[in-house]
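Chemist: No letters, just coordinates:
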């Protein structure tokens, strides 16, 4: 790379594109604490109460035909921010993708639920991915599907993950 670009060593990597890197003697951890704090301020949720899980069971999740419409730009911005966070915060991936389905016509009930995800993140700021140095190169892959589990459109939810040396390196859900 140095042949094509000018490069220099500026020290240990600590922050890059919203990710914080903490390097210890036997591990590297990645989190997005600073990015989440900025999002909480941006969406006026910095003083909101914490919740212990990103979503409640979706008993009545749907298009909410009688609900009040909300600002699409705000809703889509929140969903986009959450999608970016899913790269290092796995436990919000399912709920974020579930509410992303309502970006065309978001209602107040959907916005309340998306704000709940941010309230959950507020309580998990210091959590992230942790990779021990010297872990092996044993690669494992898993997948699963629920076969038409959505009551609205009978679409399936499927997902998979790849684990290298006992640590998650890639995942998907659809």
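Modeler: Ah, there it is. Predicted model, so just to flag it, every value in this text is computed and none were measured.

Chemist: any idea how the chain splits into domains?
Modeler: Here the domain assignment for the chain is 15-134, 136-174, based on automatic domain parsing.

Chemist: so which of those domains gets nearest residue 5?
Modeler: Proximity to residue 5 (CB to CB) singles out domain 15-134 among these, at 16.3 Å. The way it works is simple: take the backbone N, C-alpha and C, and place the C-beta from them, glycine included.

Chemist: hmm, back to that, now mean pLDDT too, for the domains of the chain, in a markdown table please.
Modeler: Output for the domains of the chain, formatted as a markdown table (pLDDT from 0 to 100):
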| stretch | mean pLDDT |
| --- | --- |
| domain 15-134 | 90 |
| domain 136-174 | 76 |
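
Chemist: Redo the ones you listed as JSON lines? Include distance to residue 8 and mean neighbour count.
Modeler: Formatted as JSON lines, the domains of the chain follow (distance: least, CB to CB, whole Å; neighbours: other CB atoms under 10 Å):
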{"stretch": "domain 15-134", "distance to residue 8": "15", "mean neighbour count": "15"}
{"stretch": "domain 136-174", "distance to residue 8": "29", "mean neighbour count": "12"}
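
Chemist: Dump these into CSV; add distance to residue 7 as well.
Modeler: Written out in CSV, the entries for the domains of the chain read as follows (distance: least, CB to CB, whole Å):
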stretch, distance to residue 7
domain 15-134, 15
domain 136-174, 25
